[in-house]
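Asker: Mind folding the following:
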Amino acid sequence: MRDRTKLHPKLQKKLSELENACKKAGLKIQITECVRTVAEQDALYAKGRTKPGVKVTNAPGYSYSSHHMWGTAFDFCRADGKGAYYDKDGFFTKVGKIGKSLGLEWGGDWKSPVDKPHFQLPDWGSTTKQLKAIYGTPDKFMKTWKSDSPKSDKAEDVKMKTIKAGAKGDVVKVWQIIVGLHPGGVFDTKTERATKEFQRKHNLTVDGIVGDKSWSAGLKSL
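Answerer: Residues are numbered from 1 along each chain as shown. Predicted coordinates for the structure are as follows:
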């Protein structure tokens, strides 16, 4: 789906900024993909597996593991007549640098798969773990959007909230994802044990309480 109006409001703004900056730099781009449905993501995942073609994604639709499904990513190609994905002249790296300067995460920096025609918002991490922990599904996430003031529940915004045994809510879910537990949203004894193990592993004070230092180490580990 190429409808950019379905993208997160912040990403719509970044996309317009990218297009303007690329135009000034003499780099003609065209948007090829924005939001994907579960069916569309499953169809892509089938390529190279149950359908003919080369593998293009490691994220099946049912897992909500692609940022495209959350409206937080878009793909592009070149539109100057030299071939949509011709890159011997470093076209995509040039666009990538511009996108990164605007605060976007560029797929060309990834190790596997390297995805030069891809950009996404970095607010919720490179994967969709935080989005799934906080919202559950893309539909619930999209219902929180406001075009004039997009809601931000990225993990970096909650890292200052100290949590400990007995705490409940979305912030606990984020932490449980970080320490490898099912995001139930309740800071129970299992979560406390996992927290202490995480703190030992990262040479932090082992008290089972998630403060600033634990959040900082946890977000970096995602």
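
Asker: drop to CA atoms for contacts and neighbour counts, all remaining ones
Answerer: OK.

Asker: Per-residue pLDDT of the nearest residue to Leu104 once chain neighbours are set aside, please?
Answerer: The shortest distance from Leu104 to any non-neighbouring residue, by CA to CA, 6 or more residues apart in numbering, is to Leu121 (5.4 Å). pLDDT for Leu121: 97.

Asker: How much space separates Leu121 from Glu192?
Answerer: 31 Å (CA to CA, to the nearest Å).

Asker: re earlier: double-check the residue nearest to Leu104 against Lys13; I have them as touching.
Answerer: No. Counting by CA atoms under 8 Å, Leu121 stays clear of Lys13, with 11.2 Å between them.

Asker: Show me which of the two is the more surrounded one.
Answerer: Leu121 (20 against 11; other CA atoms under 10 Å).

Asker: so which helix or strand takes in Ile31?
Answerer: If you go by DSSP states H and E, Ile31 is part of strand 29-33.

Asker: and that strand, which residues are buried?
Answerer: Judged by neighbour count (16 or more other CA atoms under 10 Å), strand 29-33 contains these buried residues: 29, 31-33.

Asker: what do you get for stretch 62-71?
Answerer: So, applying 16+ other CA under 10 Å, buried residues of stretch 62-71: 64-71.

Asker: so for it, what's the average pLDDT?
Answerer: 94.

Asker: Same check on stretch 187-198?
Answerer: Mean pLDDT, taken over the full extent of stretch 187-198, equals 97.

Asker: Just the C-alpha atoms of it, please, in CSV.
Answerer: Taking C-alpha atoms only, stretch 187-198 is exported to CSV below (Å, rounded to 0.1, in the frame of the first residue of the first chain):
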residue,chain,number,x,y,z
PHE,A,187,5.9,-7.1,38.2
ASP,A,188,5.7,-10.5,39.9
THR,A,189,8.3,-12.6,41.6
LYS,A,190,9.4,-14.1,38.3
THR,A,191,10.0,-10.6,36.9
GLU,A,192,11.9,-9.7,40.0
ARG,A,193,14.2,-12.7,39.6
ALA,A,194,14.7,-11.9,36.0
THR,A,195,15.5,-8.3,36.9
LYS,A,196,18.2,-9.3,39.4
GLU,A,197,19.7,-11.7,36.9
PHE,A,198,19.8,-8.9,34.3
